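Participant: 3D, please:
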Amino acid sequence: MEAEIDDPLTPPIKKIRHRSLTALHRLQKYEGTARNTRKKCSSCYKKIQSESGVKEARNKAKRVCTFCENCPGMPTMCLPCFNENHK
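Facilitator: I've put the predicted structure just below:
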């Protein structure tokens, strides 16, 4: 067996693990009926509120039964907003 020789011109090889955020974060569904568990999508609400105000956000934000368990505050999110926030 030959001994490994450190070559100063060759950078060391590092094993890098890439984890995507979607692997760590996933949409969960509230238990119970949709009628009792639906809430406004927090991302849609924030976007509409910044553009049009609170009154428009209350009326136009999507109502969903899904949330991201691993995000701080466990925000409710629709699928398009979840994908946008977890790229």
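Participant: and the end-to-end length of stretch 47-65?
Facilitator: With C-alpha to C-alpha, to the nearest Å as the measure, stretch 47-65 spans 19 Å from end to end.
Participant: for stretch 25-36, same thing?
Facilitator: 24 Å.
Participant: What's the mean pLDDT across it?
Facilitator: Mean pLDDT, stretch 25-36: 90.
Participant: Name the residues that touch that stretch?
Facilitator: 37, 65, 66, 67, 68, 69, 70, 71, 77, 79, 82, 86 (C-beta atoms under 8 Å, 6 or more residues apart in numbering). The way it works is simple: take the backbone N, C-alpha and C, and place the C-beta from them, glycine included.
Participant: in the protein, what spans have low per-residue confidence?
Facilitator: Counting by pLDDT under 70, the ranges of the chain that qualify are 1-23.
Participant: returning to that earlier point: okay, and which of the contacts of stretch 25-36 map to helices?
Facilitator: Under the assignment DSSP state H, the contacts of stretch 25-36 contribute 37, 79, 82 to helices.
Participant: Setting aside sequence neighbours, what's the nearest residue to the second one?
Facilitator: What it means is residue 79. residue 27 (7.1 Å; C-beta to C-beta, 6 or more residues apart in numbering).
Participant: With the last one instead?
Facilitator: Taking C-beta to C-beta, 6+ apart as the measure, residue 82 lies nearest to residue 27, with 5.7 Å between them; neighbours along the chain are not counted.
Participant: Next, work out how far apart the one you found and residue 81 are.
Facilitator: Computed as C-beta to C-beta, to the nearest Å, the residue 27 to residue 81 distance reads 10 Å.
Participant: again, but for residue 45
Facilitator: Residue 45 sits 10 Å away from residue 81, going by C-beta to C-beta.
Participant: Kindly list the longest helix within the protein.
Facilitator: helix 42-52.
Participant: What residues sit buried inside it?
Facilitator: 42, 43, 44, 45, 47, 48, 49 (16 or more other C-beta atoms under 10 Å).
Participant: Sitting in strands, which of the contacts of stretch 25-36 do you find?
Facilitator: The strands in this structure, assigned by DSSP state E, contain 66, 67, 68 from the contacts of stretch 25-36.
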